[in-house]
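> Sequence and computational prediction follow.
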Amino acid sequence: MAIKQGDFIEIEFVGKTQDNEIFDTNIKEEAEKIGRKSQEASIDNEQDSYARKTIICIGEGMLLKAIDEFLIGKELGKHNLSLSPEKAFGLRKKELIKIMPMSVFKNSQYKPQVGMLFTFDNLIGKINAMSGGRVVVDFNNPMAGKNVFYELNTKSEIKDENEKVKALMRYFLRKEFEFKIENNKLIIEAEKDYAGFIPLFKDTFKKILNLELEIKEKP
């Protein structure tokens, strides 16, 4: 079959630099080679995310946009993709290298050290240098400015509606909830803390699954 926009596909991938160093993968064995643990939070803190299938909806940006574009029209199976910085993680930008006062860290959980990664205003930064009460932080994506290479294995098309729902929950909601599908509705049962958050994705679920979203708050 040729992959189309909107198809749900089970995929395995390995992202490498020009020097053949792995920087991203969803294959446990490859991740273990570089001592990497899953960056994706385990569902309910109980499951290893590498043990689950990675299912994406083509065209919805669940991986790089360039990967979506590349896979449309391809047959299921193994593919190799080379990407320039512009198509991958962008060019490095000088304006994303910031000089911050040490006082920024005074009341935080971070004890700054050169080479440390931390999150600030929803951006991931790397501390490049510290001197005289100032910290030089690089907020560029670590892969910015680099040519990258992906080994892709599109294993199967997912037809089961329940599997599609679970895949979207994991990606957009970062958690699986109890749900059922009936009368063209996706009915999700969620705790109070989540019940006000999930409706933000009503249009997304409607667009992708053509199902109206209804939330039932658990007592």
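Ah, there it is.
> okay but Met143 is in contact with Phe23, surely?
Yes: counting by Cβ atoms under 8 Å, Phe23 is a contact partner of Met143 at 6.0 Å. Yep, even glycine has a C-beta here, placed from its N, CA and C like the rest.
> Compare the two (neighbour count), which wins?
When Met143 and Phe23 are compared for neighbours, Met143 comes out ahead with 18 against 15, by other Cβ atoms under 10 Å.
> Okay, the more buried one and Ile58: tell me how far apart.
Computed as Cβ to Cβ, to the nearest Å, the Met143 to Ile58 distance reads 22 Å.
> Can you pull out the low-pLDDT segments for the protein?
35-51, 107 (pLDDT under 70).
> Overlap of the contact sets of Met143 and Phe23?
Shared contacts of Met143 and Phe23, defined by Cβ atoms under 8 Å, 6 or more residues apart in numbering, comprise Thr17.
> Now stretch 166-178: buried residues?
Judged by neighbour count (16 or more other Cβ atoms under 10 Å), stretch 166-178 contains these buried residues: 166-173, 176-177.
> wait, I meant stretch 189-202
In stretch 189-202, counting by 16+ other Cβ under 10 Å, buried: 190, 194-195, 198, 201.
> just stretch 152-164 next, same as before
Buried positions in stretch 152-164, judged by neighbour count with 16+ other Cβ under 10 Å: 152, 154, 158, 164.
> out of the residues you listed, which are inside helices?
When the buried residues of stretch 152-164 are checked against helices (DSSP state H), the matches are Lys164.
> I'd like the buried residues of stretch 152-164 as JSON lines, with distance to Lys106 appended.
Output for the buried residues of stretch 152-164, formatted as JSON lines (distance: Cβ to Cβ, whole Å):
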{"residue": "Leu152", "distance to Lys106": "45"}
{"residue": "Thr154", "distance to Lys106": "49"}
{"residue": "Ile158", "distance to Lys106": "49"}
{"residue": "Lys164", "distance to Lys106": "47"}
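> rewinding a little: which of the buried residues of stretch 189-202 fall in strands?
Within the buried residues of stretch 189-202, residues falling in strands by DSSP state E are Ala190.
> so Val114 makes contact with Ser131?
No: judged on Cβ under 8 Å, Val114 makes no contact with Ser131 at a distance of 10.2 Å.
> that older thread, how about the buried residues of stretch 189-202 in CSV, adding distance to Gln18?
Formatted as CSV, the buried residues of stretch 189-202 follow (distance: Cβ to Cβ, whole Å):
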residue, distance to Gln18
Ala190, 44
Tyr194, 42
Ala195, 47
Ile198, 41
Phe201, 37
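> Out of the buried residues of stretch 189-202, the closest to Lys16 would be?
Of all these, Phe201 has the smallest distance to Lys16: 32.5 Å, by Cβ to Cβ.
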